[in-house]
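Enquirer: Whatever this is, show me its structure:
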Amino acid sequence: MCFSLEVSISTFIVSWGISIYLLNKGLVKWKKQNVIFLMIFSTIQIADAILWYNNMEHNNINYIITSYVIPLILSLQLVYNIFVRNNNKNQLITILTIIFIIYTFYRFNGYSKSLCNNNLSSPIWGSKEIELWELVLFAIVAIYPEYDVILFTFTYFFLIKIVVGGAYGSLWCAIGNILALYYLFTY
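Expert: Now for the predicted structure:
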């Protein structure tokens, strides 16, 4: 959903604003964990906002945001979901998580560029479109065991492919605002 600097900042403010409001309501533990995960998830909007502000120029700012900040935020999503929300104690899952995190930093090393073939332009992190298998695997690991959210996310990915033609990594941040609104009305 990061079509511009303004949209990136707005989506961050909406997600974080709703999250802060909900955290002050005295939620039960699992709802509070969902809201904290949402905050980590929607922090990617700030990274995209910086890329937009920088006009996706091929410079140190783009490189640092793309190669370090974005993989760090994505890795925090995995770590929080696996070790906090799901309280993982399985050594194999821990090793696979570490491999996935290393792969994330390797995968996004480089510069971001804009997908500019339509009005729904969005950053392509690392100058190479995320493969569908990478996105599906990441979504499962980051969202498990929220099966309804996983199903919604997969449906959303396919709609992105049909409507926009790519830039999945950035566009799926719209899910952050959808989740924020869902949590606002159900929590």
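Enquirer: what stretches of this structure score poorly on pLDDT?
Expert: Applying pLDDT under 70 to the chain flags the ranges 1-3, 115-122, 164-173.
Enquirer: Now do the helices in it.
Expert: 5-23, 29-42, 44-53, 60-64, 70-79, 91-107, 132-143, 147-163, 168-171, 174-186 (DSSP state H).
Enquirer: Relative to residue 114, which of those is closest?
Expert: Using CB to CB as the measure, helix 44-53 is the one of the helices of the chain that comes nearest residue 114, at 8.5 Å. To be clear about C-beta, it is placed using only N, CA and C from the backbone, and glycine gets the same treatment.
Enquirer: Next, find the distance separating residue 49 from residue 91.
Expert: Residue 49 sits 38 Å away from residue 91, taking CB to CB, to the nearest Å as the criterion.
Enquirer: Which one's more surrounded, these two?
Expert: A side-by-side neighbour count of residue 49 and residue 91, using other CB atoms under 10 Å, places residue 49 first with 21 against 8.
Enquirer: Check the contact between that one and residue 11; I expect there is one.
Expert: No. With contacts counted by CB atoms under 8 Å, residue 49 stays clear of residue 11, the gap being 9.2 Å.
Enquirer: show me the contacts for the residue nearest to the spatial centre of the chain.
Expert: With distances taken as CA atoms, centre = their mean, residue 41 lies nearest the centre of the chain, 4.7 Å away. Contact analysis of residue 41 by CB atoms under 8 Å, 6 or more residues apart in numbering lists 15, 77, 142, 173, 175, 176, 179.
Enquirer: Run a quick neighbour tally on the third one.
Expert: So that's residue 142. Using other CB under 10 Å, residue 142 has 24 neighbouring residues.
Enquirer: now residue 187
Expert: Residue 187 is flanked by 15 other residues according to other CB under 10 Å.
Enquirer: show me the contacts for it.
Expert: Taking CB under 8 Å, 6+ apart as the criterion, residue 187 is in contact with 22, 25, 27, 31, 35.
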